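1. below is the sequence, then the predicted model.
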Amino acid sequence: MGEGATALAGGTDLMVEVNFGHTRPENVVALRRVEELAQWEGGRIGAGVTWRRLERDGPRALAQAARTVGSPQIRNAGTLGGNVGTASPAGDGLPFLAAVDASIELASESGRRTLRWDDFFIGVKKTARRPDELISAIQLPEALPDRQEFAKIGVRNAMVIATVYCVVTRAEDGETRVALGSVAPTTIRARRAEELISSVASPGEEDLREFARLVSEEVTPITDHRSTEQYRRHSSGVLARRLLERCLR
Ligand SMILES: Cc1cc2nc3c(=O)[nH]c(=O)nc-3n(C[C@H](O)[C@H](O)[C@H](O)COP(=O)(O)OP(=O)(O)OC[C@H]3O[C@@H](n4cnc5c(N)ncnc54)[C@H](O)[C@@H]3O)c2cc1C
């Protein structure tokens, strides 16, 4: 992609920015008809795969997230690559990618490279993508944990940017991952909480309480027009615990 060009996938983020006058791209490259980007083979999900397809065929927690994105119209147009490209801390797809340690595949005239999610997302709406690179695909690991749950908290169920997003996964051997969105500049993992609970085969009340406490401690939210720092911190722990309990059932 030429360096001065802006990619347009579903346009559900980009056109909002254009309509509000926040950006005026000089050259736009429309990707909708690039078939390769819509290809999905095993754990390699083309950047142009829409929320609608993810809702139907995605791994459980990603499908759960897809179901909550915007409206049917937005889900038919919006893509996972666009969500990754925008890199909002409130992107619905990102906690799942963080929880499973997904990688982002980038393509340019000089070849392809793959970056782990935590090397790719570097700040609020900031990524390590070079201007000449397209996001070609999202790569998931071959084996995904059986137990995986997504949920978010917002002032209503749909068409709203939520205040906390969370994915919890738990593998057969107890390894537990907790990823959260909207509570730090980028999606984060609550590593201390993960470490604590992964070593407990059958967590009891005390373990669950400590797990929630650690999650609340690890997030670094801010107060803004959507919520307060205290509420986001508290609800991160509550939500993560609730999802862990679902994984344990
Ligand atoms: C009414 C409404 C409701 C919404 N609700 C939600 C919601 O609930 N949850 C949520 O997470 N999001 C929501 N969004 C935001 C948006 O729908 C998603 O982020 C969506 O995934 C963006 O995908 P897109 O294909 O439309 O991206 P686009 O708007 O086409 O692109 C977004 C950004 O990524 C770049 N880009 C796109 N594709 C590529 C590529 N292949 N390579 C490099 N850069 C690329 C673009 O240049 C642009 O900067 C909503 C938007 C609207 C308008």
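-> Great, that's in hand. Since the model is a prediction, treat every value here as computed from it, not as a measurement.
2. buried ones in the longest helix anywhere in the chain?
-> Among all segments of the chain classified by DSSP state H, the helix with the greatest residue count is helix 229-248. Of the residues in helix 229-248, 232, 233, 234, 235, 236, 237, 239, 240, 241, 243, 244, 247 count as buried by neighbour count, 16 or more other C-beta atoms under 10 Å. Bear in mind the C-beta positions are built from the backbone N, C-alpha and C, glycine included.
3. dump stretch 60-68 to CSV, restricted to CA.
-> Output in CSV follows, covering the C-alpha atoms of stretch 60-68 (Å, rounded to 0.1, in the frame of the first residue of the first chain):
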residue,chain,number,x,y,z
ARG,A,60,-16.8,-19.2,21.5
ALA,A,61,-15.6,-16.0,23.2
LEU,A,62,-14.9,-14.2,19.9
ALA,A,63,-18.3,-15.1,18.6
GLN,A,64,-19.8,-13.9,21.9
ALA,A,65,-17.9,-10.6,21.4
ALA,A,66,-19.0,-10.4,17.7
ARG,A,67,-22.7,-10.8,18.7
THR,A,68,-22.4,-7.6,20.8
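4. offset the numbering so it begins at 475, please.
-> Right, with 475 as the first residue, what we last looked at is stretch 534-542.
5. please look at residue 508 and residue 521 and confirm they touch.
-> No. Under the criterion of C-beta atoms under 8 Å, residue 508 makes no contact with residue 521, lying 9.2 Å away.
6. those two: which is more packed in?
-> Each of residue 508 and residue 521 has its neighbours counted (other C-beta atoms under 10 Å); residue 521 has more, 28 against 17.
7. what pLDDT is listed against the more buried one?
-> With respect to pLDDT, residue 521 scores 98.
8. you'd agree it is up against residue 612?
-> Yes. With contact defined as C-beta under 8 Å, residue 521 counts as touching residue 612 (6.9 Å).
9. spit out the residues that contact these two alike.
-> 554, 555, 558 (C-beta atoms under 8 Å, 6 or more residues apart in numbering).
10. for the residue nearest to residue 564 when sequence neighbours are not counted, what are its contacts?
-> Leaving out its chain neighbours, the residue that sits closest to residue 564 by C-beta to C-beta, 6 or more residues apart in numbering is residue 656, at 4.6 Å. Contacts for residue 656 were tallied using C-beta under 8 Å, 6+ apart; they are 563, 564, 635, 636, 637, 638, 639, 695, 706.
11. and the fourth one, how far is that from residue 475?
-> It stands for residue 636. 31 Å (C-beta to C-beta, to the nearest Å).
12. what does the fifth one give?
-> Taken as C-beta to C-beta, the spacing of residue 637 relative to residue 475 amounts to 34 Å.
13. more neighbours, these two?
-> Each of residue 637 and residue 475 has its neighbours counted (other C-beta under 10 Å); residue 637 has more, 22 against 17.
14. and the closest residue to the more buried one other than its chain neighbours, helix, strand or coil?
-> Nearest in space to residue 637, with sequence neighbours left out and distances taken as C-beta to C-beta, 6+ apart, is residue 701 at 3.9 Å. Here residue 701 is recorded as coil under DSSP: H, G, I helix; E, B strand; the rest coil.
15. phi, psi of residue 701?
-> Taking degrees, to the nearest 10, you get phi -170, psi 170 for the backbone angles of residue 701.
16. quick one: it from the ligand, how far?
-> Note on residue 701: its distance to the ligand, by C-beta to the nearest ligand atom, to the nearest Å, is 16 Å.
17. please tabulate the shared contacts of residue 521 and residue 612 in TSV, including the columns pLDDT.
-> As requested, these are exported to TSV (pLDDT from 0 to 100):
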residue	pLDDT
554	98
555	98
558	98
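18. out of those residues, name the ones that lie in helices.
-> Those of those lying in helices (DSSP H): 554, 555, 558.
19. of all these, which comes closest to residue 624?
-> Proximity of these to residue 624 was ranked by C-beta to C-beta; the top entry is residue 554 with 14.0 Å.
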